[in-house]
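below are the sequence and a predicted model; questions follow.
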Amino acid sequence: MGDSGNSINFNWKENEAICNANFVLAGISLSFKMKLEEDHLTIEVLQNTVKELKNNKLQSVWILPFLGTVKEDTTPGYMFVPDGSGALIRYNKKGTYTSVYDERVYGKDASVDGLSEAGDLIAKRNNDYMIDTQKATIPVYGVVHGANQNAYMAVIEEGAEYSSVYASPAGMVTDYNWVSSRFDYRQSYSYPVNKSGKTIMTTQDEAEAYNGRVTFYFLSNEKADYSGMAVKYRELVKNAGILKRNEREDKEIPMYLHCLLYTSDAADEEDSVDLGGRRSIKKKKKKDNLLTSASTLSVNIESMRWYRQNLSGRRRNQPEEATEQQS
């Protein structure tokens with residue numbers, strides 16, 4: 001790996017390989033496994049192989065960051081990112097976009113991540129109408145090279161809660177559009193240094209123990225677009241038992257019935273209920289009331305009683321009790 005003294009070697013076995021990487025200057029070495037099966041390639045970082053031989057500490061690992069990169073708009077297509085329910089970043093000339101997409105999968109970790117201004121507990125009045133950005137709700141991202149031509153969809157299968165999806169449009173970092181997953185093994189956080197609340201940014205001492213794993217599914221022809229990615233991911237979660245169809249045990253869809261019954265003083269003393277003073281209905285006996293007769297039907301009933309001219313029982317001309325004494 002050049003004059004840096006870094007080394008990398010592979011141990012092959014049928015359709016998989018173990019890659020051993022040694023970064024001499026940084027004093028860090030690690031291994032990861034690659035496995036090719038049918039239409040997908042799996043990359044897994046083997047956390048128990050990480051060695052830190054100097055003062056440097058491993059913070060993050062990027063998985064194939066430049067797989068499927070496109071220089072500006074030389075190829076038609078887009079990057080798919082899990083912004084909310086999903087968003088597309090189309091390839092364009094550099095300078096078209098003003099920021100990268102960098103979102104943690106499943107949202108921020110409140111214990112280490114800083115809240116945005118919209119969620120700041122000490123937000124000023126001019127922040128009242130701000131809203132937070134959409135969360136990365138699913139551990140998926142992808143690249144399309146020409147609709148209905150070629151594409152891949154990447155699924156973060158392990159370590160998703162410690163990962164982020166990073167997409168850089170052309171002109172932000174390089175002249176290329178690229179997207180990748182980043183596994184953070186150490187988090188940066190604000191550490192208080194005095195009682196007045198002053199803090200400094202620092203990094204946790206111990207690395208998180210997990211194997212970051214990403215599988216790349218390669219799509220072509222009519223499946224090579226964001227709709228094909230959605231169909232493929234639905235198939236994956238369904239086969240994994242994550243997405244299940246909820247079947248009703250009963251055959252009938254229940255009806256919700258909300259009843260508001262008005263009872264006058266006169267009717268309360270008799271065998272009838274006065275509906276607004278205009279029509280009376282005969283009260284049923286306890287063994288033959290509305291709930292009993294509907295018990296064999298698929299009906300959910302909620303009954304409220306308008307009693308003595310008010311739902312709460314207070315007469316209209318009855319003043320409410322004062323909650324505070326006059327000074």
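Thanks, I have it. Numbers count the residues shown, from 1 in each chain.

low-confidence ranges, the stretch 151-300 of the chain, go.
Under the criterion of pLDDT under 70, the regions of the stretch 151-300 of the chain flagged as low confidence span 248-252, 261-297.

ok, now with 50
Counting by pLDDT under 50, the ranges of the stretch 151-300 of the chain that qualify are 267-269, 273-284, 286-287, 294-295.

residue boundaries of the helices in it?
For the stretch 151-300 of the chain, applying DSSP state H, counting those that start in this stretch gives helices covering 226-239, 265-268, 290-293.

so how far is residue 61 from the residue nearest the centre of the chain?
When the chain is reduced to its mean C-alpha position, the closest residue under CA atoms, centre = their mean turns out to be residue 137, at 2.0 Å. Distance from residue 137 to residue 61, counting by CB to CB, to the nearest Å: 23 Å. Where C-beta positions appear, they are placed from N, C-alpha and C, glycine not excepted.

and if you look at residue 298?
In this structure, residue 298 lies at 54 Å from residue 61, with CB to CB as the measure.

ok, now residue 257?
Using CB to CB, which is the criterion applied here, residue 257 is 58 Å from residue 61.

between the two, which is the more surrounded one?
residue 61 (19 against 12; other CB atoms under 10 Å).

you'd agree the more buried one is up against residue 183?
Yes: counting by CB atoms under 8 Å, residue 61 does reach residue 183; the two are 4.8 Å apart.

got any residues that touch both of those two?
Applying CB atoms under 8 Å, 6 or more residues apart in numbering, one finds that residue 61 and residue 183 are jointly contacted by 45, 212.

residue 205: neighbouring residues, count only.
7.

what about residue 113, neighbour count?
13.

check contacts around the nearest residue to it once chain neighbours are set aside.
Taking CB to CB, 6 or more residues apart in numbering, and ignoring the residues beside it in sequence, residue 113 has residue 104 as its nearest neighbour in space, at 6.9 Å. Contacts for residue 104 were tallied using CB under 8 Å, 6+ apart; they are 113, 136, 163-164.

ok, and the closest non-adjacent residue to residue 18?
In space, residue 18 comes closest to residue 11 once its chain neighbours are excluded; the distance is 4.5 Å by CB to CB, 6+ apart.
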